[in-house]
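Q: no sequence on this one, just coordinates:
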């Protein structure tokens, strides 16, 4: 099909409006979350390799991850100067309990603990985003 207008057939790669801010933020969360997850999983796997049980390995990786993640999430994802480290830690405490509960379920079903650590990642990431967005880095509403 030939194009007969004065405008080139492809003026841009995406003809509609750019991604809305929420989608851009979610994409940043996914990318930064990938980096954070790789860091946290490396800590978890290292602890399992060192002979720790999954609950302690998850706790160690969570503590290391929280310290690393707070800066990357605050600055790169939500682009915020605000945000409470204590609320951030509280959110991760909830994510930790959630993660250990899922790990226990997977362990009880005989799932390899390395694989279980990977499988828990996605639901934990979704829970984390929702908690951080609503409780830690929420934007003030316009009056």
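A: Ah, there it is. In this text, all values refer to a predicted model and were calculated from it rather than measured experimentally.

Q: The helix or strand harbouring residue 97: which residues count as buried?
A: If you go by DSSP states H and E, residue 97 is part of helix 85-108. Neighbour counts using 16 or more other Cβ atoms under 10 Å place 88-89, 91-92, 95-96, 98-100, 102-103, 106-107 of helix 85-108 among the buried residues. From N, CA and C alone the C-beta is placed, and that goes for glycine too.

Q: got the angle for the helix or strand just after that helix vs helix 85-108?
A: Next in sequence after helix 85-108, counting helices and strands by DSSP H and E, comes helix 113-131. Angle, helix 113-131 to helix 85-108, by axes from the mean of the first three to the mean of the last three Cα atoms, to 10 degrees: 140 degrees.

Q: Tell me which other helices or strands helix 113-131 touches.
A: On a contact count with 3 or more Cβ pairs under 8 Å, 6 or more residues apart in numbering; DSSP states H and E, helix 113-131 meets helix 21-49, helix 54-72, helix 85-108.
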